[in-house]
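> The following block contains a protein sequence and its predicted model.
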4 protein chains.
Amino acid sequence: EDVQSSPDTRHIAIDKVGIKDIRHPVRVRDRSDGEQHTIANFNMYVSLPHNFKGTHMSRFVDILNRHEKEITVKSFKDMLGEMTELLDAESGHIEMNFPYFVMKAAPVSGVQSLMDYDVSFIGEIHDGQPQMNIKVVVPVTSLCPCSKKISDYGAHNQRSHVTVSVRTTGFIWIEELIELVEQEASCELYGLLKRPDEKAVTERAYDNPKFVEDMVRDVAARLNADERVSSYVVESENFESIHNHSAYAMIIKDEESEQA
Amino acid sequence: EDVQSSPDTRHIAIDKVGIKDIRHPVRVRDRSDGEQHTIANFNMYVSLPHNFKGTHMSRFVDILNRHEKEITVKSFKDMLGEMTELLDAESGHIEMNFPYFVMKAAPVSGVQSLMDYDVSFIGEIHDGQPQMNIKVVVPVTSLCPCSKKISDYGAHNQRSHVTVSVRTTGFIWIEELIELVEQEASCELYGLLKRPDEKAVTERAYDNPKFVEDMVRDVAARLNADERVSSYVVESENFESIHNHSAYAMIIKDEESEQA
Amino acid sequence: EDVQSSPDTRHIAIDKVGIKDIRHPVRVRDRSDGEQHTIANFNMYVSLPHNFKGTHMSRFVDILNRHEKEITVKSFKDMLGEMTELLDAESGHIEMNFPYFVMKAAPVSGVQSLMDYDVSFIGEIHDGQPQMNIKVVVPVTSLCPCSKKISDYGAHNQRSHVTVSVRTTGFIWIEELIELVEQEASCELYGLLKRPDEKAVTERAYDNPKFVEDMVRDVAARLNADERVSSYVVESENFESIHNHSAYAMIIKDEESEQA
Amino acid sequence: EDVQSSPDTRHIAIDKVGIKDIRHPVRVRDRSDGEQHTIANFNMYVSLPHNFKGTHMSRFVDILNRHEKEITVKSFKDMLGEMTELLDAESGHIEMNFPYFVMKAAPVSGVQSLMDYDVSFIGEIHDGQPQMNIKVVVPVTSLCPCSKKISDYGAHNQRSHVTVSVRTTGFIWIEELIELVEQEASCELYGLLKRPDEKAVTERAYDNPKFVEDMVRDVAARLNADERVSSYVVESENFESIHNHSAYAMIIKDEESEQA
């Protein structure tokens, strides 16, 4: 007898049920190299109607393993449909979080090095209609305009995490989102900097002071101008070098709610 | 000149701006002892209209420190109003996360020991109307019904985190939410168990097998029956003892959206 | 029958056995207020001779709870002796990690605010001889001398964690270790800074550039000059604002090994 | 002028200086597939004599990037020598932490799925003599012998992390260390289990109760019997399903110290 398939009499539907925090090697499409190998952490859920006792947990893992040890972006979308079909569910949700690497050239010397970014694909499917969000955490330098203005010399600066989550109507590269954020920061980060590069990034940050409020507004303005982006959340967390806490700001744009 | 108060021309309002991850000693009201001392982690945000360049970060910390080194639940609500007033904001948001301790008696020996729970107060204020959510993470034992049914002896069990977030219309003790969850689990946890207690909890778990789906449904049923609770989110994450990933389930009830 | 006390025939002694990651409210002696309430995370271990099957886990928790819900530094030392006696062990080890708060005055305005530090007491007892280490993580500002020297203006700076672990022969306040580190940093951190304070800390950091190597050496020099300190480890981790990784340095001084 | 190379007059040598927490894609040798792609987190340090002001941080990253975006075990050893040579240091230290995947067959159905393990390579070089440690965290099931013995039915069990760090004199596969630990646990974990598999693992765990003390002793006995292993640390942390804290045990064997 299949315990999970037996009827349930509590009359309470479950919004999400599935597996959480399972790691799996994946292959992600990459603007420069074609694809890159990385390791993802997955959360996979389906909805469960009130009249079923349980879902079949092993089938979620089945789906992951079926994709031949490595999963591409293409197969990620397929997985959403496959998962709801295999589990006979009206809606499904998959999150895939992974470190992503971009080869960057230092600003003066041109020396190449890798920068790492945390990226998430978050897919939802309702009644066969899939929707996909991409989230990128971009570490940057922020330099405080107030500190610069009031001080005779210097200005406090620090590492900040700018997080952009977008829902798009057309294809967008992870690299496009990263570049968009890096261009609006006081300065971008690099894995490797030679001395003339260090001079360049120090001065660039000093020339581009930004409050945490400026950071999220300037990124939001760029996303507003991109026709492919239908809704977004922009956040910035500055790990203040003069405090033991963060400064934080967030802007949400939700096209659907605005039309309502 | 006050840089933050200068006008802004980007025409983009900010949903949340403030400070994140600041620790502060607090005093929380306690059903048995009157109050307990603990350490909280705070996030404090306000909204910022499109025409202002920045908020005043130091005022958030001011508010925390003004409350004489330790903050009570009462002062938490006051802080919401105070924060939006002091920062001249339409809406405000405060999260306060802290470990909370409850003295429990072991089931047979009656020996007393402390159990720790992660609790959050999440307050929002819009146009002077405050709303408060309480979130409690209750660690429990879950024992798998399928494993019990198909095995000649034994059943896999594990620690699970049941998380309940509620919005209430009347006063509710943190201890009430904890007890409600613990009563619906396969078994509850204790800091200290003597041998007869260990026998009791082992057998109680075996007598009460629960899928992750059962756990969230049974807690949801209890919350549905409580007139003080207007909306909730119930989650359970089981750190499976036979896998290296979690089983997870969630139920959301949002009164407002259901009436719409 | 007591399973744990039955004889063991594998002839393998266990160096440490006990409980890990248990939270408990504590009271810690404080230079200014007499004492402060905080929450500690405990690890408690004893050694186990080869001929015993197991230790008695519940007794560790017993010891914590016996100290009336809150533990002082005095009772911490007692606990080491009590633990090894109660568990009939030759050696014992207790770690107690907790956030610790110090009220600081901003450098110009004098406005008061709390700063938080992660502190650990690490006690060991062998054949009745206790030894105690204190570890303090002090978050500070570090400003890069190279960036300052080669740039026409500005200098990259960031939050750094300076960690000092000391073994002492005489009493030392947690606050003394914190001050010692803060005086050697490019600048110290504050919970709350008004505008003239922000100017002061910005300029102080610019006036005191320090490599990660300088930071650990300057703290080590101070500890070398303190007769109460018999051995130490000094570490600094700089969360570089121009990279997505840290710069790190460490110096160990172990009197015993040097005399050997 | 090269600030870092200028002389230092504080007469304090630095034990470790370098970079911490840098992520990089790597390729690791694999017993079944030849090699697998994964993502590593690196710490890279050298010693610095008292008379030099600083090390050259960019050279550490240089070394990582030089190995053409992906690093093999072979190149890991080369990196140790290369690093100390390039940085003109007497000693060096590299830690590389990465998730590692093994394809396992379920015990009854034989269905294949991946299990993930956290692995570290820790290399040290002193005066040209390299030494290498391998550390593997193996998640397993532990079932409590006391709970089984005193209860009429059932027994509490949970996920445990068994960590083995070895220094070897001959080649050893990561898979060998994993299997050794899994064979000594109450039961091993799998990514995917069908119903007959779940019955098998439930009963196997019940048939093999182990205290945390048993777990470390049984693994230690296996390592004692392996001639390739010269020294080791074995730890087990059981995330108790009846408590909100862990049971923990550790055994150290250090050949050098025993010969002294």
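Happy to help now that I have it. Computed from a predicted structure; not experimentally measured.

> quick one: buried residues of the helix or strand containing A:Ser47?
Using DSSP states H and E, A:Ser47 maps to strand A:34-48. For strand A:34-48, burial by neighbour count (16 or more other Cβ atoms under 10 Å in any protein chain shown) applies to A:36-48. (Each C-beta comes from the backbone N, C-alpha and C, glycine too.)

> same question, stretch A:87-96
By neighbour count with 16+ other Cβ under 10 Å, stretch A:87-96 contains the buried residues A:Leu87, A:Ala89, A:Ser91, A:Gly92, A:His93, A:Ile94, A:Glu95, A:Met96.

> what's the answer for stretch A:167-178, then?
By neighbour count on 16+ other Cβ under 10 Å, the buried set for stretch A:167-178 is A:Arg167, A:Thr168, A:Ile174, A:Glu176, A:Leu177, A:Ile178.

> CA atoms only: put that stretch into CSV for me.
Extracted C-alpha coordinates of stretch A:167-178, given in CSV (Å, rounded to 0.1, in the frame of the first residue of the first chain):
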residue,chain,number,x,y,z
ARG,A,167,11.5,38.6,-14.3
THR,A,168,12.0,39.0,-18.0
THR,A,169,10.0,38.7,-21.2
GLY,A,170,13.1,38.1,-23.3
PHE,A,171,16.5,36.4,-23.0
ILE,A,172,19.0,38.1,-20.8
TRP,A,173,22.6,37.0,-20.0
ILE,A,174,23.7,36.7,-16.4
GLU,A,175,26.7,38.8,-17.5
GLU,A,176,24.4,41.6,-18.6
LEU,A,177,22.9,41.9,-15.2
ILE,A,178,26.3,41.8,-13.6
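
> ok, and what's touching it?
Residues from elsewhere that reach stretch A:167-178, judged by Cβ atoms under 8 Å, 6 or more residues apart in numbering or on different chains: A:28, A:31-32, A:100, A:102, A:117, A:119, A:131-134, A:136, A:138, A:164, A:166, A:227-232.

> Now the helix or strand A:Pro196 falls within: buried residues?
Assigned by DSSP H and E, A:Pro196 belongs to helix A:195-207. For helix A:195-207, burial by neighbour count (16+ other Cβ under 10 Å) applies to A:Arg195, A:Asp197, A:Glu198, A:Lys199, A:Ala200, A:Val201, A:Thr202, A:Glu203, A:Arg204, A:Ala205, A:Tyr206.

> near chain C, which of these show up?
Contacts with chain C within the buried residues of helix A:195-207, as defined by Cβ under 8 Å from any Cβ of the partner chain: A:Arg195, A:Glu198, A:Lys199, A:Val201, A:Thr202, A:Glu203, A:Ala205, A:Tyr206.

> could you dump the residues you listed to CSV with pLDDT and distance to D:Ser58?
Listed next are those as CSV, based on pLDDT from 0 to 100; distance: Cβ to Cβ, whole Å:
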residue, pLDDT, distance to D:Ser58
A:Arg195, 96, 9
A:Glu198, 97, 9
A:Lys199, 98, 13
A:Val201, 98, 13
A:Thr202, 98, 15
A:Glu203, 98, 18
A:Ala205, 98, 18
A:Tyr206, 98, 21
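
> Which strand runs longest in chain A?
Criterion DSSP state E: the longest strand present in chain A is strand A:14-30.

> Next, the angle from that strand to strand A:34-48.
Angle of strand A:14-30 versus strand A:34-48, following axes from the mean of the first three to the mean of the last three Cα atoms, to 10 degrees, is 170 degrees.

> does strand A:14-30 come close to chain B?
Yes - using Cβ under 8 Å from any Cβ, we find that strand A:14-30 touches chain B at A:Ile14, A:Asp15, A:Lys16, A:Val17, A:Gly18, A:Ile19, A:Lys20, A:Asp21, A:Ile22, A:Arg23.

> Would you mind marking which of the residues you listed are also close to chain D?
Taking Cβ under 8 Å from any Cβ as the test, chain D is in contact with A:Ile22, A:Arg23 out of these.

> Out of the residues of strand A:14-30 next to chain B, the closest to chain C would be?
Closest to chain C out of the residues of strand A:14-30 next to chain B is A:Asp21 (18.6 Å), distances taken as Cβ to the nearest Cβ.

> ok, that closest one touching A:Asn43?
Yes - between A:Asp21 and A:Asn43 there is a contact under Cβ atoms under 8 Å: 7.0 Å.

> overlap in contacts of these two?
With Cβ under 8 Å, 6+ apart, A:Asp21 and A:Asn43 have no common neighbours.

> dump the residue contacts of the residue in chain A that chain D sits nearest to.
Closest approach between chain A and chain D, counting by Cβ to the nearest Cβ: A:His37, at 3.5 Å. Residues near A:His37 by Cβ under 8 Å, 6+ apart: A:Pro25, A:Val26, A:Arg27, A:Glu70, D:Pro25, D:His37, D:Thr38.

> For it, give the beta-bridge partners.
Bridge pairing for A:His37 (DSSP bridges) gives the partners A:Arg27.

> Could you show which parts of chain A are in contact with chain D?
By Cβ under 8 Å from any Cβ, the residues of chain A that approach chain D are A:22-25, A:36-39, A:58, A:61-62, A:65, A:69, A:99, A:101, A:103, A:112-114, A:116, A:191-194.

> what number of residues lie near A:Arg31?
Number of residues near A:Arg31 (other Cβ atoms under 10 Å in any protein chain shown) recorded here: 11.

> pLDDT score assigned to it?
pLDDT recorded at A:Arg31 is 85.

> isn't A:Cys206 right up against C:His156?
Careful, residue A:206 is Tyr; it's not Cys. No - in this structure A:Tyr206 lies outside contact range of C:His156 using Cβ under 8 Å: 9.4 Å.

> What ranges in chain A fall below the confidence cut-off?
Within chain A, the set of residues satisfying pLDDT under 70 comprises A:1-4, A:33, A:67-74, A:255-260.

> let's see it at 80
Along chain A, segments meeting pLDDT under 80 span A:1-7, A:33, A:66-77, A:255-260.

> so where do the helices sit in it?
A:57-66, A:73-86, A:145-150, A:174-184, A:195-207, A:212-224, A:255-259 (DSSP state H).

> Switch those helices over to TSV; also include distance to C:Asp8.
As requested, the helices of chain A are exported to TSV (distance: least, Cβ to Cβ, whole Å):
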stretch	distance to C:Asp8
helix A:57-66	39
helix A:73-86	49
helix A:145-150	63
helix A:174-184	56
helix A:195-207	60
helix A:212-224	59
helix A:255-259	65
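
> do you know which of the ones you listed lies nearest C:Lys149?
helix A:195-207 (9.3 Å; Cβ to Cβ).

> Mind giving me the packing neighbours of the closest one?
Judged by 3 or more Cβ pairs under 8 Å, 6 or more residues apart in numbering or on different chains; DSSP states H and E, helix A:195-207 is in contact with strand A:129-143, strand A:187-188, helix C:145-150.

> Compute the number of surrounding residues for A:Asn51.
Neighbour number of A:Asn51 under other Cβ under 10 Å is 11.

> my guess is it contacts A:Ser5, does it?
No - A:Asn51 lies out of contact with A:Ser5 (Cβ under 8 Å); the separation is 10.6 Å.

> ok, how many other residues are close to A:Asn65?
A:Asn65: 17 neighbours (other Cβ under 10 Å).

> what does A:Asp152 give?
Look at A:Asp152: counted by other Cβ under 10 Å, it has 8 neighbours.

> Same question for A:Gln129.
Using other Cβ under 10 Å, A:Gln129 has 8 other residues around it.

> quick one: it from D:Lys53, how far?
The spacing between A:Gln129 and D:Lys53, counted by Cβ to Cβ, to the nearest Å, is 62 Å.

> Who are the contact partners of the nearest residue to A:Asp127 once chain neighbours are set aside?
The shortest distance from A:Asp127 to any non-neighbouring residue, by Cβ to Cβ, 6 or more residues apart in numbering or on different chains, is to A:Glu90 (6.3 Å). When contacts are counted by Cβ under 8 Å, 6+ apart, A:Glu90 touches A:Ser47, A:Pro49, A:Thr84, A:His126, A:Asp127.
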